[in-house]
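Visitor: got a predicted structure here, sequence first:
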Amino acid sequence: MNNPSNILIDGSKFGVDWLKIYWYGALIVLGVIIAYVLCSHEAKRRGYHKDCVIDLCLICVPLGAIFARIYYILFSLDAFIRPGMSFGETVWGMINIRDGGLAIYGAIIGGVIGMLIYSRIKKMHFLSLTDLVLPTVALAQAIGRWGNFFNQEAYGRVISEGFPPYFPLAVKIDECHQACCAGLPSNLGNIHYATFFYESCWCLLIFAVLWFFVRKHTKNRGDITMTYLIMYGFERMIVEGLRTDSLMLGSIRVSQLLSALLVIFGMAFLITRTVLEKKRGHAVWPVEEAYYGSKPECAKREDNAEEESFSESGEPIESESENEASEADSMAGNGEDSI
């Protein structure tokens, strides 16, 4: 039956005949928009400049997309550089992202580089920016992972007996192109672990923990960032072991290796800072200092007032009220002597 409305809903795409939109791209854009709204709310609460989040988006989003592609290419060179391919074919294959090939860790690396650049330009605390952004990044990841469902990618091994073969814990793949299906009688319609769903749920949990708990109770800058690294790294180490399309470095799954390093780094950071705080007897990088690239105007006025209360020789200058009090005491003393 013909579709008189010409509306397209076809697996990985939707739209109309003249405008086909991929679910993957649409969900990524949706995640970015929601992250922007929440970041703007948090930046206002912290007292950042009103254009801070817009500036971060203009820097971090493009860098995230570029590095997501670079990361994927670096660990999939065999797919882009093959015997008989011309230079033009190789270059086109590398820049043609419509055929897939973006890595979330590359996007995170690109975003971190963008925040580092912005923090240097604006003279802001780097960890304050990562604390601001990473909770919403986790939420954007939870949303974007559903693009893998529509693309039928990022799934796990074929389901073994005893595991519920039901969506969303499992997913039916129309045609499997991964090595896990190589020895099966048919590559069509097999049931696989829905690893995209596992990661989406975990990222949603990370967002909830960071946004509703850590963000409201943190005392040091970097707490949110390190909690994200530890929680996401822990999950990715496990789920990556179920996937069949991992980027490899020899016989090592790159994402598993990087995830382990992130967990170790995050834990080492928190332990080291705790030891330093006990040794010094005060907080290291407290939140109050983290929310401003430079001191707020009210703090600057207080500092100026304190500076003006001292003479050039370093001696404190008595205020008018203090002078009047001293004169009154003097007069009272003289009066007692005259009686």
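Guide: Perfect, thanks for sending it. This one's a predicted model, so the numbers in the text were calculated from it and none came from an experiment.
Visitor: what does stretch 246-261 contact?
Guide: In this structure, residues lying in contact with stretch 246-261 by Cβ atoms under 8 Å, 6 or more residues apart in numbering are 71-72, 75-76, 103, 105, 232-234, 236-237, 240-241. Yep, even glycine has a C-beta here, placed from its N, CA and C like the rest.
Visitor: just the buried members of the residues you listed?
Guide: If you count burial by 16 or more other Cβ atoms under 10 Å, the buried members of the contacts of stretch 246-261 come out as 71-72, 75, 103, 105, 232-234, 236-237, 240.
Visitor: which of the residues you listed fall in helices?
Guide: Taking DSSP state H as the definition of helices, the buried ones among the contacts of stretch 246-261 contribute 71-72, 105, 232-234, 236-237, 240.
Visitor: which two among those are spaced furthest apart?
Guide: When these are compared pair by pair using Cβ to Cβ, the farthest-apart members prove to be 72 and 234, with a separation of 23.0 Å.
Visitor: which two of the buried ones among the contacts of stretch 246-261 have the greatest separation?
Guide: Across those, no pair lies farther apart than 72 and 234, at 23.0 Å, counting by Cβ to Cβ.
Visitor: just the element for the closest residue to residue 222 other than its chain neighbours, please.
Guide: The shortest distance from residue 222 to any non-neighbouring residue, by Cβ to Cβ, 6 or more residues apart in numbering, is to residue 127 (4.3 Å). With elements taken from DSSP states H and E, the one containing residue 127 is helix 126-144.
Visitor: cool, and residue 201?
Guide: Take DSSP H and E as the rule and residue 201 turns out to sit in helix 195-209.
Visitor: pull out the buried residues from that helix.
Guide: Using 16+ other Cβ under 10 Å as the test for burial, helix 195-209 gives 195-200, 202-204, 206-207, 209.
Visitor: ditto for stretch 242-254
Guide: Along stretch 242-254, the positions that meet the burial threshold by neighbour count (16+ other Cβ under 10 Å) are 243-244, 246-247, 253-254.
Visitor: and stretch 92-111, by the same measure?
Guide: Burial within stretch 92-111, assessed by neighbour count using 16+ other Cβ under 10 Å, is assigned to 93-94, 101-111.
Visitor: which one of those residues is nearest residue 42?
Guide: Distances from the buried residues of stretch 92-111 to residue 42 were compared by Cβ to Cβ; the smallest belongs to residue 111, at 16.2 Å.
Visitor: separation between the closest one and residue 207?
Guide: Distance, residue 111 to residue 207, by Cβ to Cβ, to the nearest Å: 16 Å.
Visitor: mind listing the strands for the stretch 51-200 of the chain?
Guide: Listed from the start of the chain, the stretch 51-200 of the chain has strands (DSSP state E, counting those that start in this stretch) covering 170-175, 188-193.
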